[in-house]
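> Okay, predicted coordinates and the sequence, questions at the end:
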Amino acid sequence: MNKSAKNPEKIQTMFSTIAHRYDLLNRVLSLGIDRRWRKFAVNQLVKSDNAHYLDVATGTSDVALEIINSIQGSKVTGVDFSEGMLELGKVKIRNAGLNDRIDVRFGDATDLPFDDNTFDGSIIAFGIRNVQDYKKGISEMGRVIKSGCRVVILEFTTVQSKIFKPLYVFYITRVLPFIGEFISGKKGAYKYLPDSMLHFPVPEELKKTMEEVGLQDVSYHKLTFGIVAVHVGTVK
């Protein structure tokens, strides 16, 4: 999938369209495992007193809420380019009584509206593959965090196992779009997602990209038969 296929305006519209069923779909399509993936990713952040983290492509704020639950005294700023997703995230934050600890706003991952060395870590979950210039997005995530802090990326990846890969491809190309359309009521909305998952770089390629933008000690962890990977890189 080339950059032109990931038209930002079309992706914005798609996510705003499915926002009302996004959380439910995540639970159903991942069989509930997505919560464990997010928790694992959040645990890779460097923890410190009164830390302030950046959640890129925050969506409905699941990662931001997980950070608050996992890291005592933390605060989170979330950015996303889908107004529909942000509105739902704001409701969840308000209902949790966390307006004083989580601030979400409109923002572009490739041009983050923050000064250098602002945050104690940055994280993105299931969003980097939707960024047209994902290398620039990763560079920005590193720019805005302090020395010694980490960039954490949780993303679907292409399963490498010869035994499991055919089943995985069938699920995301046949089953996922069918269930997605049925639950969301939006025909075609879940065709882009399998394409973006299958064409995203394999973990070793993404690791190299993170190193190319200056991140150090880059490593990754494959979870659940390699369906997802969590990449971690440190700003020196």
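In hand now; what should we look at?

> rest of the way, CA atoms for contacts and neighbours
Noted.

> Could I get the CA-only coordinates of the helix or strand containing residue 221 as PDB?
Per DSSP states H and E: residue 221 is located in strand 216-223. Extracted as PDB, the C-alpha positions of strand 216-223 are listed here (Å, rounded to 0.1, in the frame of the first residue of the first chain):
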ATOM      1  CA  GLN A 216      18.300   4.000  20.200                       C
ATOM      2  CA  ASP A 217      18.100   0.500  21.700                       C
ATOM      3  CA  VAL A 218      15.200  -0.300  19.500                       C
ATOM      4  CA  SER A 219      13.500  -3.700  20.200                       C
ATOM      5  CA  TYR A 220      10.200  -5.300  19.600                       C
ATOM      6  CA  HIS A 221       8.000  -8.000  21.100                       C
ATOM      7  CA  LYS A 222       5.600 -10.200  19.100                       C
ATOM      8  CA  LEU A 223       2.400 -11.000  20.900                       C
END
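
> Give me the contacts around it.
37, 203, 207, 210-211, 228-236 (Cα atoms under 8 Å, 6 or more residues apart in numbering).

> I'd like these laid out as a markdown table, including neighbour count.
Putting the contacts of strand 216-223 into a markdown table (neighbours: other Cα atoms under 10 Å) gives the following:
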| residue | neighbour count |
| --- | --- |
| 37 | 18 |
| 203 | 23 |
| 207 | 19 |
| 210 | 23 |
| 211 | 17 |
| 228 | 21 |
| 229 | 22 |
| 230 | 24 |
| 231 | 24 |
| 232 | 23 |
| 233 | 25 |
| 234 | 24 |
| 235 | 21 |
| 236 | 13 |
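
> Nearest to residue 104 among the residues you listed?
residue 37 (21.7 Å; Cα to Cα).

> rounded to a whole number, what's the mean pLDDT of the strand holding residue 221?
The pLDDT scores in strand 216-223 average 97.

> Measure how far that strand is from the centre of its chain, please.
Averaging C-alpha positions (Cα atoms, centre = their mean, to the nearest Å) puts strand 216-223 15 Å from its chain's average.

> Can you list the strands that it pairs with?
Paired neighbours of strand 216-223 in the sheet (DSSP bridges): strand 228-234 (antiparallel).

> could you pull out the strands for this protein?
Using DSSP state E, the strands of the chain run over 52-56, 75-80, 102-106, 122-125, 150-156, 216-223, 228-234.

> what's the closest of those to residue 175?
Minimum separation from residue 175 across these (Cα to Cα) falls at strand 150-156, 16.3 Å.

> now the angle from the closest one to strand 52-56?
Angle, strand 150-156 to strand 52-56, by axes from the mean of the first three to the mean of the last three Cα atoms, to 10 degrees: 30 degrees.

> What is strand 150-156 packed up against?
helix 34-42, strand 122-125, helix 134-143, strand 228-234 (3 or more Cα pairs under 8 Å, 6 or more residues apart in numbering; DSSP states H and E).

> Which strands border that strand, and is each parallel or antiparallel?
strand 122-125 (parallel), strand 228-234 (antiparallel).

> Turn those strands into CSV, columns for distance to residue 102 and mean pLDDT.
Output for the strands paired with strand 150-156, formatted as CSV (distance: least, Cα to Cα, whole Å; pLDDT from 0 to 100):
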stretch, distance to residue 102, mean pLDDT
strand 122-125, 14, 98
strand 228-234, 23, 97
